[in-house]
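Participant: sequence unavailable; structure follows:
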């Protein structure tokens, strides 16, 4: 019997958090869903709560077993990096509370796995996600980044028989 694994990819953000779910069986990745959690509140703590609630709803509805999430990269703006770290932490806590295994990948590793270049542009990631998952349309940037994280995890070899 071949095991099917459902991977939730997350592109964390304090204003928009992208998510994407794929199913992996052997050498095939199948698109399940993707989208964005768009924060409605201006207050940062309330945005974190929105991320938590949104991820919890997605996990409850689609039952992924593994999380692939982008590692925090240091930018020039320390305050932005800290907010990203908070958003990431809230998403991880939501997933861990639902017993998902967590896998973290550097942004360059995700781009390398999906595009073949570690410093690929967003539009290249969007295009390759569309191609790799046989989507009718190019996904929105944040959703494409989340799907790319899930594909990166799938390409690590643990789902190929």
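Facilitator: Cool, got the structure. Values in this document were obtained by computation on a predicted structure and should not be read as measured data.
Participant: in contact with the closest residue to residue 62 other than its chain neighbours, which residues?
Facilitator: Closest residue in space to residue 62, ignoring its immediate chain neighbours: residue 21 at 5.2 Å, by C-beta to C-beta, 6 or more residues apart in numbering. Heads up, the C-betas are built off the backbone N, CA and C, glycines and all. Listed by C-beta atoms under 8 Å, 6 or more residues apart in numbering, the contact set of residue 21 reads 6, 7, 8, 9, 32, 33, 34, 58, 62, 64, 150.
Participant: among those, which one is most surrounded by other residues?
Facilitator: residue 150 (34 neighbours; other C-beta atoms under 10 Å).
Participant: which phi and psi does residue 151 have?
Facilitator: phi -70, psi -40 (degrees, to the nearest 10).
Participant: could you find the closest non-adjacent residue to it?
Facilitator: The shortest distance from residue 151 to any non-neighbouring residue, by C-beta to C-beta, 6+ apart, is to residue 114 (5.4 Å).
Participant: residues near that neighbour, how many?
Facilitator: Residue 114 has 26 neighbouring residues, counting by other C-beta under 10 Å.
Participant: for the chain, what spans make up the helices?
Facilitator: 44-62, 78-97, 107-114, 122-132, 141-154 (DSSP state H).
Participant: tell me how far the residue nearest to residue 62 lies from residue 41.
Facilitator: Plainly put, residue 21 is 25 Å away from residue 41 if you go by C-beta to C-beta, to the nearest Å.
Participant: give me the nearest residue to residue 83, chain neighbours excluded.
Facilitator: Distance criterion C-beta to C-beta, 6+ apart; nearest residue to residue 83, sequence neighbours excluded, is residue 14 at 4.3 Å.
Participant: the one you found contacts residue 86, correct?
Facilitator: Yes. Residue 14 lies in contact with residue 86 (C-beta atoms under 8 Å); the separation is 7.0 Å.
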